[in-house]
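> Can you look at this prediction? I've put the sequence above it.
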Amino acid sequence: MLIRGGRCDRLLALKILQSFSLDLVDDSQSGQKMEMKMKKYMVGLMFKLTTESLRNATARNTASAADKKERAALTHARDMSEVEVSNLAEENERL
């Protein structure tokens, strides 16, 4: 991946840009253009990775919330069944 320890690996990004067949010329103007393209690519990539991370975190939080609701419903059902059992026991004692 391009992220290592929270920072971008510029050499790997440069290799990716070279794989897109960008003409890398040594004169300063072309170097500046290439650097701008690399920065734009890296910003886009960071946005994509951040968006994906947020999407995954949201999915985990949603699943966690659903699990909590399900546990609460099961706990409530168990508590209600305990109440019903104790009510039946009281009725049996009265009879």
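Arrived safely, thanks for sending. Residues are numbered from 1 along each chain as shown.
> pLDDT below threshold where in this structure?
1-31 (pLDDT under 70).
> In it, spot the helix with the most residues.
With secondary structure taken from DSSP state H, the chain has its longest helix at helix 28-94.
> Mind giving me the packing neighbours of that one?
Applying 3 or more C-beta pairs under 8 Å, 6 or more residues apart in numbering; DSSP states H and E, we find helix 28-94 packed against strand 7-8, helix 10-19. Bear in mind the C-beta positions are built from the backbone N, C-alpha and C, glycine included.
> try it again with 7 Å
Helix 28-94 is packed against helix 10-19, with contacts defined by 3 or more C-beta pairs under 7 Å, 6 or more residues apart in numbering; DSSP states H and E.
> can you pull the alpha-carbon coordinates of stretch 48-64 into CSV?
C-alpha atoms of stretch 48-64 as CSV (Å, rounded to 0.1, in the frame of the first residue of the first chain):
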residue,chain,number,x,y,z
LYS,A,48,-10.1,7.3,-1.7
LEU,A,49,-8.3,5.5,1.1
THR,A,50,-9.8,7.8,3.8
THR,A,51,-13.3,7.4,2.3
GLU,A,52,-12.9,3.6,2.3
SER,A,53,-11.6,3.6,5.9
LEU,A,54,-14.6,5.7,7.0
ARG,A,55,-17.0,3.4,5.1
ASN,A,56,-15.5,0.4,6.8
ALA,A,57,-15.7,2.1,10.2
THR,A,58,-19.3,3.1,9.6
ALA,A,59,-20.2,-0.5,8.7
ARG,A,60,-18.5,-1.8,11.9
ASN,A,61,-20.4,0.8,14.0
THR,A,62,-23.7,-0.1,12.3
ALA,A,63,-23.1,-3.8,13.0
SER,A,64,-22.1,-3.0,16.5
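> State the number of residues packed around Lys33.
For Lys33, the count of nearby residues is 15 (other C-beta atoms under 10 Å).
> swap that for Val83, sorry
So Val83, with other C-beta under 10 Å, has 10 neighbours.
> Repeat that for Met46.
13.
> try Leu49
Leu49: 14 neighbours (other C-beta under 10 Å).
> Report the separation between it and Met42.
10 Å (C-beta to C-beta, to the nearest Å).
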